[in-house]
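Engineer: dropping a prediction and its sequence here:
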Amino acid sequence: MDLVMFFLEPARFVKRLTDMAIPLSQKLRLQCTFTGAPKMFFTWYKDGKQLYASYRYNTRIIDNTCVLECLHESNNETPGKYSCEVSNSFGTDICHANITTVTEPARFEQKLKDKKVAMSKKLKLECTFTGAPKIFVTWYKDGKQIYASYRYNTQIVGNTCILECLHECTKDTPGIYSCEVSNSYGIDICQAEVTTVSGPARFVKKLTNQSVLWGQKLRLECSFTGIEKLFVTWYKDDKQVYASYRCNTKVIGNTCILEYLRECDEDTPGKYSCEVTNEDGSDICHALVTLATGWLTNLVS
């Protein structure tokens, strides 16, 4: 009996179209779900006129779901009353949705960020935006408009604004860079401070030789400069030193620190080295650490 009822089931919607407000920058997509005995027929309408698959629309069936996709971004012709009709030999059902468009002002989704760049590198800035077309993009440096030229390349890839300097950084590179996006509904601007740094990692205060007493705890320090991202490695007698129960390694600001967590003993003396590296270069400095004999003299006395 159930099988007979299935084959006699009229076409009907179990999930209908719903009214929707869509930004002008998006593509409209409508879907509704149906049930009913085969053979099913489907028809889409807009404002009472039948829609056909074309360069503007794509219609398809995915399992029990009717889908209408607009192949272009919404515009002033998109709003209207959309309808989907399903039918079989035992009945017909139809559902509707009122579609409106909303104005979407231009705005940034990912803004520019302050940046440090090596003198040996080329500056590249990126930010992403959203908003209803037509979007206009303008770049500035220190308040003055930047144009595509032998110095700069400006482009838009998808929703990403890109500014590329075509030459390595110079003393003229630092400054406040701004990007402005605008459309008929609004405007947004973001900015970043760009500074230049000497590129390769190098030490500005190197390790110095030390003579430590028995019972003291060894502490070594050196300071560096260079563009991020920097990596610091310590060595003793050319073998890498790792943070452990014996020693601690850390970086505070631009200072590398090696601290022994236990008092000095016969294993402490040796050649200690600190190496800093980044993508532009590396530097290394050394110190000889010896044990002083002052405690022995005092003991004999």
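Structural biologist: Cool, got the structure. Residues are numbered from 1 along each chain as shown.

Engineer: lowest-confidence helix or strand of the chain?
Structural biologist: Using mean pLDDT, DSSP states H and E, helix 294-300 stands out as the lowest-scoring helix or strand of the chain, at a mean of 44.

Engineer: residue ranges of the helices in this protein, please?
Structural biologist: Taking DSSP state H to define them, one finds helices in the chain at 2-7, 294-300.

Engineer: what bits of this protein have low per-residue confidence?
Structural biologist: Low-confidence segments of the chain (pLDDT under 70): 1-7, 199, 227-228, 294-301.

Engineer: tell me which residue is most central in the chain.
Structural biologist: For the chain, residue 110 is the residue whose C-alpha lies nearest the centre (Cα atoms, centre = their mean; 8.0 Å).

Engineer: I'd like the distance between that residue and residue 153.
Structural biologist: Computed with Cβ to Cβ, to the nearest Å, the distance linking residue 110 and residue 153 is 20 Å. Every C-beta, even on glycine, is put in place using the N, C-alpha and C of the backbone.

Engineer: quick revisit: quick one, what contacts the residue lying closest to the residue nearest to the centre of the chain once chain neighbours are set aside?
Structural biologist: If the residues on either side of it in the chain are set aside, residue 110 comes closest to residue 128, at 4.3 Å by Cβ to Cβ, 6 or more residues apart in numbering. Listed by Cβ atoms under 8 Å, 6 or more residues apart in numbering, the contact set of residue 128 reads 108, 109, 110, 159, 160, 161.

Engineer: most neighbours among these, which one is it?
Structural biologist: In terms of neighbours by other Cβ atoms under 10 Å, these top out with residue 161 at 24 neighbours.

Engineer: pretty sure it contacts residue 124?
Structural biologist: No - Residue 161 lies out of contact with residue 124 (Cβ atoms under 8 Å); the separation is 11.5 Å.

Engineer: thinking again about what came up before, the residue nearest to the centre of the chain reaches residue 127, doesn't it?
Structural biologist: Yes - the criterion here is Cβ under 8 Å, and residue 110 meets it with residue 127 at 5.8 Å.

Engineer: run a quick neighbour tally on residue 11.
Structural biologist: Residue neighbour count, defined by other Cβ under 10 Å, stands at 23 for residue 11.

Engineer: any idea how far the residue lying closest to it once chain neighbours are set aside lies from residue 256?
Structural biologist: Of all residues not flanking residue 11 in the chain, residue 36 sits nearest, at 3.6 Å (Cβ to Cβ, 6+ apart). Distance of residue 36 to residue 256, computed by Cβ to Cβ: 74 Å.

Engineer: what does residue 33 give?
Structural biologist: The separation that residue 33 has from residue 256, given Cβ to Cβ, amounts to 63 Å.

Engineer: among the two, which residue is more densely surrounded?
Structural biologist: More crowded of residue 33 and residue 256, by other Cβ under 10 Å: residue 256, with 24 against 13.

Engineer: is that one in contact with residue 219, as I believe?
Structural biologist: No - if you go by Cβ under 8 Å, residue 256 and residue 219 don't touch, sitting 11.5 Å apart.

Engineer: how many neighbouring residues does residue 52 have?
Structural biologist: Using other Cβ under 10 Å: residue 52 sits among 9 other residues.

Engineer: give the contact list for it.
Structural biologist: Contacts for residue 52 (Cβ under 8 Å, 6+ apart) come out as residue 59.

Engineer: what distance do you get for it to residue 177?
Structural biologist: Remark: distance between residue 52 and residue 177 (Cβ to Cβ) = 49 Å.

Engineer: check residue 111 too.
Structural biologist: In terms of Cβ to Cβ, residue 111 sits 12 Å off from residue 177.

Engineer: which residues are in contact with both of these two?
Structural biologist: Shared contacts of residue 111 and residue 177, defined by Cβ under 8 Å, 6+ apart, are found at residue 192.

Engineer: quick one on the thing from earlier: and the contacts of residue 128 as JSON lines, adding distance to residue 183?
Structural biologist: Formatted as JSON lines, the contacts of residue 128 follow (distance: Cβ to Cβ, whole Å):
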{"residue": "108", "distance to residue 183": "13"}
{"residue": "109", "distance to residue 183": "14"}
{"residue": "110", "distance to residue 183": "18"}
{"residue": "159", "distance to residue 183": "13"}
{"residue": "160", "distance to residue 183": "16"}
{"residue": "161", "distance to residue 183": "14"}
